[in-house]
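Asker: when you get a sec, could you give me coordinates for this:
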Amino acid sequence: MLAIAGISAGNLNAQNKQTAAGWNVKEISMTKWGGQDGLPYMAAPGVNLGATSFEVLPENKIAFLSSASNEIIITDKSTGKAIKKIPVSFAPRDFVYDNGLFYVLNEQLVTVYNEAGTIIKKLEFPNTYLGVERLARFNNSTYLLLPSGNSLKIESTKEYEGWITFSGNFVLTKLNGGNSYSFKVITADGKSYEKTLNTDKIVAGIYVVGATDNRIFLDVQTYITESPISVERNIIAVELTSSGLGNIVTSIKVPDCYYVLSNNDFHVSANGNILNMITTPQGAFVFSLTEIKSGKAMGYPSSILAAQYHFNDHLITVDAK
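Answerer: Here you go, the predicted model:
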């Protein structure tokens, strides 16, 4: 998803009404690269590895899944320093923290660890789903978030339409071609709503960030140029009511700064805030985006907005022999 670059709901089209709300951005943690109390970083041919995913934990902690060292690294949110490391299976892709357990996805299965690092169980899934890169938990069940836009409930090997979200809503996205995209919401009580939106630029991709009972959050990516590929990225919130999908409530451009390859850099918290991990040459930042209905919203720090770093431009090259 992030292999291209940063992205915008690309200058939201006038057809897409937006209410007067905004997101207030607040830094909640920063962890440096390297050292005993930082996050491992590894530059390799074809990819730069570091924090591939993150989870905000209880008791003022944040956990990062390190693709550089194959570990879950738990940090103190206030200081940003690593306080615990849990070795996990090789080449982890994503993880979820749920009810005191870590569910870690690799190419072939999901391994479940407790907070002491002990393996509790392993969840296998059919070979036809090998290589999936996203994971979710809902209502004590484990789901693979499939590239097709559907979800596989591992415990029953049943596939559902759309990606499962924290609220129990399933959301399915679709590119219509050109400057248009659609999405469908199947609510926890079985209702189904669809909406089509337009942008001023050609849509490169549309992904599900998450949902609450009254918001659907989407990651909308549009081309700045198609050759060479250059894209913008916007996170938008769309109103969800008992009668269907409403207007875009608010949107925000994501900084174009990706120091390492990350598969999962956005979460929706239990209180409806957006949590965003941004990796910079200095370290991994975690921001909280809170919707505000009035007053001036504070955006991302100017230093982050100005960074414009993408790991694809800084890869190790290997001379052919």
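Asker: could you export stretch 269-279 as CSV, CA atoms only?
Answerer: The C-alpha trace of stretch 269-279 is given here as CSV (Å, rounded to 0.1, in the frame of the first residue of the first chain):
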residue,chain,number,x,y,z
SER,A,269,-8.8,4.0,18.4
ALA,A,270,-11.7,3.0,20.6
ASN,A,271,-12.6,6.6,21.1
GLY,A,272,-12.7,7.4,17.4
ASN,A,273,-9.4,9.1,17.0
ILE,A,274,-7.0,8.3,14.2
LEU,A,275,-3.6,7.0,15.2
ASN,A,276,-0.8,7.5,12.7
MET,A,277,2.8,6.2,12.7
ILE,A,278,5.2,8.2,10.5
THR,A,279,8.8,7.0,10.1
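Asker: contacts for it?
Answerer: For stretch 269-279, the surrounding residues in contact (CB atoms under 8 Å, 6 or more residues apart in numbering) are 23, 28, 50-51, 53-54, 56, 64, 166, 209-210, 212, 215, 217, 235, 254-255, 257-260, 262, 265-268, 284-291, 304. Heads up, the C-betas are built off the backbone N, CA and C, glycines and all.
Asker: kindly recompute the last result at 6 Å.
Answerer: 50, 54, 56, 212, 257, 259-260, 265-267, 284-290 (CB atoms under 6 Å, 6 or more residues apart in numbering).
Asker: quick one: the helices in the stretch 201-321 of the chain?
Answerer: 302-305 (DSSP state H, counting those that start in this stretch).
Asker: give the residue spans of it that score low on pLDDT.
Answerer: Along the stretch 201-321 of the chain, the model assigns pLDDT under 70 to residues 315-321.
Asker: what do you get if the cut-off is 90, keeping everything else the same?
Answerer: 225-231, 261, 270-271, 293-297, 307-321 (pLDDT under 90).
Asker: tell me where it has strands.
Answerer: Listed in chain order, the strands of the stretch 201-321 of the chain (DSSP state E, counting those that start in this stretch) span 203-211, 215-226, 229-241, 244-253, 257-258, 266-268, 274-279, 283-292, 309-310.
Asker: out of the ones you listed, nearest to residue 191?
Answerer: Closest approach to residue 191 among the strands of the stretch 201-321 of the chain is made by strand 244-253 (8.4 Å; CB to CB).
Asker: and the closest one, which residues are buried?
Answerer: Buried positions in strand 244-253, judged by neighbour count with 16 or more other CB atoms under 10 Å: 245, 246, 248, 249, 250, 251, 252, 253.
Asker: and which of those is nearest to residue 41?
Answerer: residue 253 (26.1 Å).
Asker: ok, the closest one to residue 44 distance?
Answerer: For residue 253, the distance to residue 44 equals 30 Å [CB to CB, to the nearest Å].
Asker: then residue 151?
Answerer: With CB to CB as the criterion, residue 151 and residue 44 are 31 Å apart.
Asker: can you check residue 184 too?
Answerer: Taking CB to CB, one finds residue 184 at 38 Å from residue 44.
Asker: and if you look at residue 92?
Answerer: Counting by CB to CB, the gap from residue 92 to residue 44 is 15 Å.
Asker: neighbour count for those two, which is higher?
Answerer: residue 92 (22 against 13; other CB atoms under 10 Å).
Asker: then the more buried one would be within a helix, right?
Answerer: No. Remark: residue 92 does not belong to a helix; assigned using DSSP: H, G, I helix; E, B strand; the rest coil, it is coil.
Asker: tell me the contacts of it?
Answerer: 65, 104, 106.
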